[in-house]
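Undergrad: got a sequence here, can you model it:
(chains A and B)
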Amino acid sequence: DPKIIQKPKYLVAVTGSEKILICEQYLGHNAMYWYRQSAKKPLEFMFSYSYQKLMDNQTASSRFQPQSSKKNHLDLQITALKPDDSATYFCASSQGGRTLYFGSGTRLTVL
Amino acid sequence: GQQVQQSPASLVLQEGENAELQCNFSTSLNSMQWFYQRPGGSLVSLFYNPSGTKHSGRLTSTTVIKERRSSLHISSSQTTDSGTYLCALEQTGANTGKLTFGHGTILRVHP
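TA: Residues are numbered from 1 along each chain as shown, chains lettered A, B, ... in the order given. Next up, the predicted model:
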């Protein structure tokens, strides 16, 4: 059974719309992350949270807002979507900042 | 410049051959991790190896901090090893779980 659940697996959106990417982890970890993988680019760090508090934000745009309603949830809200936002978004978690475990990703396409 | 460089970019093997994947980095690090990315996109952690040598089945990871390099050795390759291998480092002093990834080595193993 997957221990990090991301929903949906695929998402198609129109330019200007807003979407929420869901992530839940059942590993009991205290830290959660979002990464993005665009075509022909390496995986890029976006955010890290520890005990539901923002630790690091490397996303220049305020259109990307993480939301942590519970310790094991870290959703990603994206507003005013642009075609350049098309990518696969990966959620990850770790305990004490050691090995990161990744979800299977949400592939977002913005038309 | 790019902080994490992986080589080769791609590699084709016959089943049973060995592979040596390299990761060179230009910054001091807290940790080095190796991941396998399946053709479908999901990531699997292979090693958390900030220094020294670690073994897991047919895989061996060696990180030499002074030389700013890490390697992943795959022995007796199998067709199921095909995919992308990624190295990622956490820089010294980061402590936020932010990993910087390389572009990866695409491995194809033919029967």
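Undergrad: ok, B:L13 touching B:L107?
TA: Yes - contact criterion Cβ atoms under 8 Å: B:L13 and B:L107 qualify, at 7.1 Å. To be clear about C-beta, it is placed using only N, CA and C from the backbone, and glycine gets the same treatment.
Undergrad: those two: which has the busier surroundings?
TA: More crowded of B:L13 and B:L107, by other Cβ atoms under 10 Å in any protein chain shown: B:L107, with 21 against 18.
Undergrad: and the helix-or-strand element of chain A with minimal mean pLDDT, what does it pack against?
TA: Here the helix or strand of chain A ranked lowest by mean pLDDT, DSSP states H and E is strand A:53-57, holding a mean of 86. Using 3 or more Cβ pairs under 8 Å, 6 or more residues apart in numbering or on different chains; DSSP states H and E, the elements in contact with strand A:53-57 are strand A:44-50.
Undergrad: now do the strand it packs on against strand A:53-57, angle only.
TA: Angle of strand A:44-50 versus strand A:53-57, following axes from the mean of the first three to the mean of the last three Cα atoms, to 10 degrees, is 160 degrees.
Undergrad: what does strand A:44-50 contact?
TA: Contacts to strand A:44-50, defined as Cβ atoms under 8 Å, 6 or more residues apart in numbering or on different chains, come from residues A:30-38, A:54-59, A:64, A:66, A:68, A:74, A:76, B:96-101.
Undergrad: please spell out which residues along that strand are buried.
TA: By neighbour count on 16 or more other Cβ atoms under 10 Å in any protein chain shown, the buried set for strand A:44-50 is A:44-50.
Undergrad: quick one, phi psi at B:D81?
TA: Main-chain torsions, B:D81, degrees, to the nearest 10: phi -80, psi -10.
Undergrad: how deep is it tucked in, by neighbour count?
TA: So B:D81, with other Cβ under 10 Å, has 18 neighbours.
Undergrad: kindly report the same for A:T15.
TA: 11.
Undergrad: contact residues of chain B facing chain A?
TA: Taking Cβ under 8 Å from any Cβ of the partner chain as the measure of proximity, chain B contacts chain A at B:4, B:31, B:33, B:35, B:40-45, B:48, B:86, B:88, B:90, B:94-104.
Undergrad: how about the strands of chain A, start to end?
TA: A:4-7, A:10-13, A:19-25, A:31-37, A:44-50, A:53-57, A:64-67, A:75-78, A:87-94, A:101-102, A:106-110 (DSSP state E).
Undergrad: and those strands, which one's lowest on average pLDDT?
TA: Comparing mean pLDDT across the strands of chain A, the weakest is strand A:53-57, with a mean of 86.
Undergrad: list the contacts of that one.
TA: Applying Cβ under 8 Å, 6+ apart, the external contacts of strand A:53-57 come out as A:31, A:45-49, A:66, B:94, B:96-98.
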